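1. following is a predicted model, sequence given first.
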Amino acid sequence: MRKLLALLLAVSLAPVCYGQGADRMKSETGPKTVIGPTNLPLHDGAQALLAGDADAGVRLTHEGLKIATGFREEEAALSNLCAGYIMLEKYDEALKYCELLLQRNDENWRGYNNRAVIYIKKERYEQAEKDLLRGEELRPGAHTLKIARAMYMDAVHPVTPEIIVDDRDPSNEDGDEEP
Amino acid sequence: MKTVMKSPDVRVVVLAGLCAVFCGSMARADPDETEVTHITDSSTDRTPAKTTFPIYPRIARRDRIEGDATVCFRIDLLGRIRNEHVRDATHRIFRRPALRAIRQSSFEPLADGARFSAELTCRTYRFRLTPVQADDKDE
């Protein structure tokens, strides 16, 4: 479960660690671009979350947050901490980091997604719905949001699947009877 | 002659993967049971031997998509399904489970002396989502 939660919540955060600190180096053959993680604990924390190791993920991400440079690294750290604490089922702690994230950037759809998940877990459905709507407005069609939306729907409007095998001849349907 | 069999005891695991994880973890959101009904109306003289019910597609359930898929096929002398194809589907998501279900279904072999007909037979799978009272789920 934790692994899957990590996939849901943190999968696209790991790349934040890459590429932003590309070092340009000059060599005999000309300029060379080296791309790699500039904040190693943050990167490793994201990897640990993706691997389902929430404890290590949260610990490393905290370390990464301490040395984070720049807005994007800090946002990634806060977002991953929120996701990590959700994985650990520490929803109050998760909420704290999600709110910090959204205070910094109120257009971070992932923040709304994660906070909606927390609200669903805490059965605060009205707030969850509000966050889902905001997230869907910011990133229509996001797969992650669809999953969170399904969690909400299953909590608030649960359904049971039903399958009817209808062997009546479809060309003879006269519409007077519903199965 | 129409026979309606309501089979609430037949439980089909519908959810898998992510949805199952999340839905299963929620007290009021684990509808991983599928209710199945078989309506027979003698569109063919052949008698069903094995009726396989399709699995409700996980994404359709997640996105609350309902619909129908009609598959047509021929039944050979031994009751096996032949030339199966989807004649109509309200949503493409239902095509594959419908085909899979008919391929796993069969009819009784033709009785001695019975006249063999190679005409096309059709079966419609109706995928429905029935609202459940949250309180009922807790019971």
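-> Yep, that arrived. Numbers count the residues shown, from 1 in each chain, chains lettered A, B, ... in the order given.
2. hey, let's count contacts and neighbours off CA atoms from now on
-> Will do.
3. next SSE after the helix-or-strand element of chain B with minimal mean pLDDT?
-> Within chain B, no helix or strand scores below helix B:17-24, which has a mean of 32 by mean pLDDT, DSSP states H and E. Downstream of helix B:17-24, the next assigned helix or strand under DSSP states H and E is strand B:35-40.
4. next SSE after that next one?
-> Taking DSSP H and E, what comes next after strand B:35-40 is strand B:48-50.
5. what is the longest strand belonging to chain A packed up against?
-> Ranked by residue count and defined by DSSP state E, the top strand of chain A is strand A:159-166. Packing contacts for strand A:159-166, counted by 3 or more C-alpha pairs under 8 Å, 6 or more residues apart in numbering or on different chains; DSSP states H and E, involve strand B:35-40, strand B:121-131.
6. show me the contacts for the most centrally placed residue in chain B.
-> Central residue of chain B (C-alpha atoms, centre = their mean): B:Phe53, 3.4 Å from the mean position. For B:Phe53, the contact set (C-alpha atoms under 8 Å, 6 or more residues apart in numbering or on different chains) comprises A:163, A:165, B:36, B:101.
7. again, 10 Å this time
-> Listed by C-alpha atoms under 10 Å, 6 or more residues apart in numbering or on different chains, the contact set of B:Phe53 reads A:163-165, B:10, B:12, B:34-38, B:97-98, B:100-102, B:104-105, B:125.
8. I'd guess it is in a strand, am I close?
-> No. Judged by DSSP: H, G, I helix; E, B strand; the rest coil, B:Phe53 forms no part of a strand; its state is coil.
9. for it, give its distance to B:Arg74.
-> Distance of B:Phe53 to B:Arg74, given as C-alpha to C-alpha, to the nearest Å: 18 Å.
10. could you write out the alpha-carbon coordinates of stretch A:149-164 in CSV?
-> Taking C-alpha atoms only, stretch A:149-164 is exported to CSV below (Å, rounded to 0.1, in the frame of the first residue of the first chain):
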residue,chain,number,x,y,z
ARG,A,149,-11.7,11.9,-6.8
ALA,A,150,-12.5,8.2,-6.8
MET,A,151,-11.6,8.0,-3.2
TYR,A,152,-13.9,10.9,-2.4
MET,A,153,-16.7,9.4,-4.4
ASP,A,154,-16.3,6.0,-2.8
ALA,A,155,-16.4,7.6,0.6
VAL,A,156,-19.4,10.0,-0.1
HIS,A,157,-21.3,8.2,-2.8
PRO,A,158,-20.4,4.5,-2.7
VAL,A,159,-21.6,2.2,-5.4
THR,A,160,-21.7,-1.5,-6.0
PRO,A,161,-21.0,-2.8,-9.5
GLU,A,162,-23.6,-4.9,-11.1
ILE,A,163,-23.4,-6.9,-14.3
ILE,A,164,-26.4,-8.1,-16.1
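11. buried ones in it?
-> Within stretch A:149-164, the residues scored as buried using 16 or more other C-alpha atoms under 10 Å in any protein chain shown are A:149-156, A:158-164.
12. next helix or strand past the helix or strand in which A:Glu129 is found?
-> Here A:Glu129, judged by DSSP H and E, is contained in helix A:125-138. The element immediately downstream of helix A:125-138 (helix or strand, assigned by DSSP H and E) is helix A:143-156.
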